[in-house]
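Novice: everything below, folded, please.
(one chain, ligands or ions: 3)
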Amino acid sequence: MESIKTLGEFILDNQKDYPDASGELTSLFSSIRLAAKVLHREINKAGLVDITGSAGDENIQGEQQQKLDVYANERFKNALAQRGVVCGIASEEEEEFVKFEETKNLEGKYVVLIDPLDGSSNIDVNVSVGTIFSVYRRVSAVGSKVTEADFLQPGHQQVAAGYVIYGSSTMMVYSTGSGVNGFTYDPTIGVFCLSHPDLQVPEDGNIYSVNEGNYIRFPEGVKKYIKYCQEEDESTKRPYTSRYIGSLVSDFHRNLIKGGIYLYPTSSRYPDGKLRLLYECNPMAYLIEQAGGKAISHPGQRILDLEPSKLHQRCPLFVGSPNMVDKLAQFIEENE
Ligand code: AHG
Ligand code: MN
Ligand code: MN
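Specialist: Numbering: from 1, shown residues only. Ligands and ions are numbered 1, 2, ... in the order given. As a prediction, this is how the structure comes out:
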């Protein structure tokens, strides 16, 4: 039998490479792994038990909370509070950041920002959803209560980021700053196994992913780039293929593996873009750069350099294969 490496073994093996590592990040990953397994179980029962549909409330962004949004938020929050390495979290589903105030948590070095269930409107129709997470070292003193400044750090300060995709199989893809690795969950033995070591995004691709229903409201440069994607040109393998699932994790995951570009621009409906900088754009930008790709905002700044000013801040996102993002940046620049 071919030898398999579990996520737990992989983390331990890599920890040996960092003599100063205290095991706290390892513990943090164990919490995420556990919550992801529980969510995998619930999502797989979604049509059978009363967990699909709206929870009846709106979140801070005025979006309908689905029952699974609420459930996922509670699972991840509880799992992250358990081990005392995290001093607080910020979540799409919570208006304010959450302080973990037990003594063990005050000693925690890390904060986590999380989109507990991404693409949640897809859940009722049996389409892939995900969880996105981003980890920072706190800037406030260890031993004190977590502060807003701990969460409002630019993306280049992330110490880890990743996502779980609950798709035709469940996978966890993450980086701690030395490449990106993917682990597929084997539900029969209850472990994530290394299946996609050292993921690299292809330099070029032929997939573009955007909600084209908003086309007339997009900035001129983005419109022209979309037309460029649709033009016939054999030497650059155009027209490209259009693929849009409507869950960032799933669209990103496909483009990471196959090569492509994902676009969520500004529009008159979403003047700042729709996606949230801290728990959607930054973790994806960190992952794509670790995989050799690029992530920019409008009109072309690197996502990881943006200075956040509030927890639920939105920003335009263009992310994917480096040559495709460069081409788009050129269109944006020429049409500003
Ligand atoms: P969430 O379910 O966490 O609110 O995120 C939904 C996001 C993202 O996953 C997806 O890419 C985007 O919304 C889709 O938006 P449109 O329906 O406007 O295309
Ligand atoms: Mn989301
Ligand atoms: Mn969400």
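Novice: if you count contacts, what does the helix or strand hosting E333 end up packed against?
Specialist: If you go by DSSP states H and E, E333 is part of helix 322-334. Contacts of helix 322-334 with other secondary structure elements, assessed using 3 or more CB pairs under 8 Å, 6 or more residues apart in numbering; DSSP states H and E, are made with helix 220-230, strand 261-264, strand 294-296, strand 317-320. Bear in mind the C-beta positions are built from the backbone N, C-alpha and C, glycine included.
Novice: and the residue of the stretch 201-336 of the chain found nearest ligand 2, backbone torsions?
Specialist: Closest contact between the stretch 201-336 of the chain and ligand 2, by CB to the ion, is at E280 (5.2 Å). Dihedral pair for E280: phi -120, psi -60, per degrees, to the nearest 10.
Novice: picking that back up, closest one to N211 among the helices and strands packed on helix 322-334?
Specialist: The stretch from the helices and strands packed on helix 322-334 with the least distance to N211 (CB to CB) is strand 261-264; that distance is 7.5 Å.
Novice: next SSE after the closest one?
Specialist: As assigned by DSSP H and E, the chain's next helix or strand after strand 261-264 is helix 282-290.
Novice: for that next one, packing partners?
Specialist: Here helix 282-290 touches strand 129-137, strand 160-166, strand 170-175, helix 248-258, strand 294-296, strand 317-320, going by 3+ CB pairs under 8 Å, 6+ apart.
Novice: anything in that helix near ligand 2?
Specialist: No. Counting by CB under 5 Å from the ion, ligand 2 has no neighbours in helix 282-290; the shortest distance is 10.2 Å.
Novice: could you check how far that helix is from the centre of its chain?
Specialist: What separates the centre of helix 282-290 from the centre of its chain is 8 Å, taken as CA atoms, centre = their mean, to the nearest Å.
Novice: G205 - how many residues pack around it?
Specialist: 24 (other CB atoms under 10 Å).
Novice: what's the nearest residue to it if we skip its chain neighbours?
Specialist: Of all residues not flanking G205 in the chain, G259 sits nearest, at 2.6 Å (CB to CB, 6 or more residues apart in numbering).
Novice: up against ligand 2, what does this protein have?
Specialist: By CB under 5 Å from the ion, the part of the chain that sits against ligand 2 consists of D115, D118.
Novice: how about the residues of the chain that lie near ligand 3?
Specialist: E92, D115, L117, D118.
Novice: and the third one, helix, strand or coil?
Specialist: Here L117 is recorded as strand under DSSP: H, G, I helix; E, B strand; the rest coil.
Novice: distance check, S178 against D272.
Specialist: If you measure S178 against D272 using CB to CB, to the nearest Å, the figure is 33 Å.
Novice: just the strands in the stretch 1-150 of the chain please.
Specialist: Across the stretch 1-150 of the chain, reading from the start of the chain, the strands by DSSP state E, counting those that start in this stretch fall at 54-58, 64-66, 86-91, 98-99, 110-118, 129-137.
Novice: would you mark the buried spots in the last one?
Specialist: Looking back up the chat, that one is strand 129-137. Buried residues in strand 129-137, counted by 16 or more other CB atoms under 10 Å: V129, G130, T131, I132, F133, S134, V135, Y136.
Novice: report pLDDT for the second one.
Specialist: Here, the pLDDT recorded for G130 equals 98.
Novice: what is it paired to in the beta sheet?
Specialist: Beta-bridge pairing of G130, defined through DSSP bridges, involves D118, I165.
Novice: who touches it in this structure?
Specialist: If a contact means CB atoms under 8 Å, 6 or more residues apart in numbering, then G130 has 115, 117-119, 163-166, 247-250, 253 as its contacts.
Novice: on that earlier part again, of S178 and D272, who's got more company?
Specialist: The residue with more neighbours, out of S178 and D272, is D272; 15 against 11, by other CB under 10 Å.
Novice: does the more buried one touch P316 like I think?
Specialist: Yes. Using CB atoms under 8 Å, D272 is in contact with P316, at 7.5 Å.
Novice: next, show the common contact partners of the two.
Specialist: T266.
Novice: whichever residue of the stretch 101-250 of the chain sits closest to ligand 2: neighbour count?
Specialist: Scanning the stretch 101-250 of the chain for proximity to ligand 2 using CB to the ion identifies D118 as nearest, at 3.5 Å. For D118, the number of neighbouring residues by other CB under 10 Å comes to 27.
Novice: what do you get for the one 4 residues further on?
Specialist: The tally of other residues near N122 (other CB under 10 Å) stands at 18.
Novice: just say helix, strand or coil for the closest residue to Q200 other than its chain neighbours.
Specialist: What sits nearest to Q200 in space, not counting adjacent residues and going by CB to CB, 6+ apart, is G292, at 5.0 Å. Under three-state DSSP, the three-state class of G292 is coil.
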